[in-house]
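In: Provided below are the primary sequence and the corresponding predicted coordinates.
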Amino acid sequence: MKRITRTLLPIAAGIAVLAPLAPSAVAGVTEEAPRAEKSASSEAKAAAISRDTVIKRAKTWLTAVDGHQVPYSQAKTFQGYRTDCSGYVAMALQYSKPGTNTVGLASSSYTNKIKMASLKKGDLIIDANGSNTTRHVVIFEKWTSSAHKSYVAYEQRGSHGTDHRTLSYGVGSDEYDAYRPKKY
């Protein structure tokens, strides 16, 4: 018997409808209804993690699905984590499944805001403003030069999936800010 999973879809302010989700075409990537998350305060008390471990975990999604990156989706999960940018960061930081959202990651329950120049491997660059289609979070790895005009980061991005590339979010005039996870 085929398992049909449903999720709430907003159709108007304050109104939602249960809609069936189609089975995934990618091995290991599943669609499921959102699960209750642990409280933010219990997440903040979660075991510490090293910066190297965060980067190692981030790398795993680059080749996790038959040698390819995990595809992006706000409705699907991989190994229990949402396959959107914040679910990916939650996986790398070993937060509870399916992971908090981008706004949650930018909250004082999970992170402290820092200056861009203070970024270290495993820190986050977050745009927590706007809607679920404009908010974003990436995992900082290293600066590309001492000028601090761009950096290498890991991200889970729409129409692509898991990526490791050079970015400049937060170094110009945009809505991105640097954050240090409380797990370090």
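Out: Everything's here; your move. Nothing here was measured: the structure is a model prediction, and the numbers come from that model. Numbering: from 1, shown residues only.
In: list the buried ones in stretch 76-83?
Out: Residues 76-78, 81-83 are the ones in stretch 76-83 that count as buried (16 or more other C-beta atoms under 10 Å). (Each C-beta comes from the backbone N, C-alpha and C, glycine too.)
In: Can you get me the start-to-end distance on that stretch?
Out: Its start and end residues considered, stretch 76-83 measures 6 Å (C-alpha to C-alpha, to the nearest Å).
In: what's the answer for stretch 173-184, then?
Out: 28 Å.
In: Show me the contact partners of it.
Out: 44, 46-51, 54, 93-94, 105-106, 109-116, 118-120, 122-127, 129-130, 136, 140, 169-170 (C-beta atoms under 8 Å, 6 or more residues apart in numbering).
In: same question, stretch 152-167
Out: 55, 58-59, 61-62, 64, 68-72, 83-85, 87-89, 92, 125, 136-142, 144, 150-151.
In: Can you flag which of the residues you listed belong to strands?
Out: 125, 136-142, 151 (DSSP state E).
In: Name only those of these that count as buried.
Out: In those, burial by neighbour count holds for 125, 136-141, 151, counting by 16+ other C-beta under 10 Å.
In: So, low pLDDT: which residues of the protein?
Out: When residues are selected by pLDDT under 70, those of the chain lie in 1-28, 30-46.
In: Would you mind getting the angle between the longest helix along it and strand 136-143?
Out: Determined from DSSP state H, the single longest helix within the chain is helix 51-60. Counting by axes from the mean of the first three to the mean of the last three C-alpha atoms, to 10 degrees, helix 51-60 points 120 degrees away from the direction of strand 136-143.
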